[in-house]
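Trainee: Here is my input; please provide its structure:
(one chain, ligands or ions: 1)
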Amino acid sequence: MRPDDSASLKTESKSEVPVSQIAETTTETKKVQGVSVEFKNVNHSFLHGDTPVRVLDNFNLRIEPSEFVSIVGPSGCGKTTALGMVGNLLKPRAGEVLIDGKEIRPGGNDAAFLFARDALLPWRRVRSNVELGMEVRGVPKEERKVRAEAWLRKVRLQQFAESDVLHLSQGMRQRVAIARTLVQNPKVLLMDEPFAALDAQTRAIQQEEFTGLWEAERPTVIFVTHDLEEAILLSDRVILMASRPGRMVVDMKIDLERPRRQDMRRDSDEFKAYFHEMSDRLRHEVDLAEQRMREENKNS
Ligand SMILES: Nc1ncnc2c1ncn2[C@@H]1O[C@H](COP(=O)(O)OP(=O)(O)OP(=O)(O)O)[C@@H](O)[C@H]1O
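Mentor: Numbers count the residues shown, from 1 in each chain. Alright, predicted model coming up:
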């Protein structure tokens with residue numbers, strides 16, 4: 001039988017090692033202070049055939065250290081492109097992207113990605129997947145093991161450390177991916193629809209668990225999502241981008257108290273007010289983007 005996600009949450013908690021004990025033996029529990037991220041007058045275009053298509057247009061955004069910022073917007077407005085620049089996957093054609101006020105270093109390890117597809121290596125066991133990034137960075141074997149095990153405890157998967165990843169549920173796989181990313185102590189976490197592949201119930205559990213982990217470690221987070229409720233529930237700020245070319249049209253601060261709970265979606269008038277304000281704007285931008293696409297298709 002496939003290990004059940006919610007059952008594992010219950011049974012594993014008994015065997016958890018106290019956090020104080022982990023702290024004595026490893027360095028991984030030390031607080032990670034996030035760093036600032038800044039887009040300054042960023043312009044970017046891609047070639048579609050011979051034609052350059054402008055994707056980001058004078059995009060300016062400053063994210064404070066340890067802030068949790070979500071970016072929403074119509075499909076194709078440049079969210080993933082912006083994230084890729086912070087992760088040093090691509091360089092803007094004009095303007096700058098700075099981490100902690102400095103140009104992004106090639107091979108620098110300030111930022112780490114988490115995607116919807118967990119990209120676990122099926123031939124490696126759970127712990128070995130968590131160790132992967134540390135292995136690439138040359139962390140000694142013993143330290144890797146201790147840090148991986150501590151993070152597996154935090155995501156409540158310690159009893160699955162030597163399991164085959166193919167036997168895990170999708171939710172458990174994503175928790176392995178979260179451990180693999182956070183064990184590297186990133187100062188900036190780049191999350192591209194990380195919970196999009198999960199069913200609604202698992203998604204809600206993971207949102208709560210993840211925010212708990214984030215509150216303990218506090219890396220700066222840039223979170224791309226199509227789910228406006230998710231963005232509001234998790235974030236300190238929600239950025240709405242317009243498309244073609246992508247630019248910021250709304251920068252909304254979310255002042256809901258933390259820790260945030262799933263029932264705020266239903267019970268908090270403040271939450272509902274944020275949602276209504278932003279959803280109207282988002283709908284408008286999506287309509288504009290679709291209208292433009294229809295016109296382009298007609299003319300092509
Ligand atoms: N490597 C590339 N070459 C050519 N065009 C690209 C490339 N990467 C992205 N694009 C185009 O740039 C635009 C922005 O893409 P991007 O993936 O950043 O948008 P997005 O807002 O993340 O979209 P989605 O919400 O659908 O994931 C799109 O029109 C896309 O087709």
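Trainee: okay, CA-based contacts and neighbour counts for the rest of this
Mentor: Noted.
Trainee: How is the residue of the stretch 151-300 of the chain found nearest the ligand assigned, secondary-structure-wise?
Mentor: Nearest residue of the stretch 151-300 of the chain to the ligand: residue 226, at 6.9 Å (Cα to the nearest ligand atom). For residue 226, the secondary structure call by DSSP: H, G, I helix; E, B strand; the rest coil comes out as coil.
Trainee: Go ahead and confirm residue 122 touches residue 165.
Mentor: Yes. Between residue 122 and residue 165 a contact is recorded at 6.0 Å, counting by Cα atoms under 8 Å.
Trainee: returning to that earlier point: look up how far residue 46 lies from the residue of the stretch 151-300 of the chain closest to the ligand.
Mentor: 23 Å (Cα to Cα, to the nearest Å).
Trainee: Comparing those two, which shows the higher neighbour count?
Mentor: residue 226 (17 against 13; other Cα atoms under 10 Å).
Trainee: Spatially nearest residue to the more buried one, not counting backbone neighbours?
Mentor: Distance criterion Cα to Cα, 6 or more residues apart in numbering; nearest residue to residue 226, sequence neighbours excluded, is residue 72 at 5.9 Å.
Trainee: Look up how far residue 126 lies from that neighbour.
Mentor: 32 Å.
Trainee: quick one: which of these two has more around it?
Mentor: residue 126 (28 against 24).
Trainee: dump the residue contacts of that one.
Mentor: 160, 161, 162, 163, 164, 165, 176 (Cα atoms under 8 Å, 6 or more residues apart in numbering).
Trainee: Skipping adjacent residues, who's closest to it in space?
Mentor: Leaving aside its sequence neighbours, residue 126 is closest to residue 161 (5.1 Å, by Cα to Cα, 6+ apart).
Trainee: again with residue 130
Mentor: residue 180 is the one closest to residue 130 (Cα to Cα, 6+ apart), at 4.0 Å.
Trainee: Am I right that that neighbour sits in a helix?
Mentor: Yes. Counting by three-state DSSP, residue 180 falls inside a helix.
Trainee: Might one say that it is in contact with residue 129?
Mentor: Yes. Here residue 180 lies in contact with residue 129, judged by Cα under 8 Å, at a distance of 6.8 Å.
Trainee: Which one's more surrounded, the two?
Mentor: residue 180 (27 against 23).
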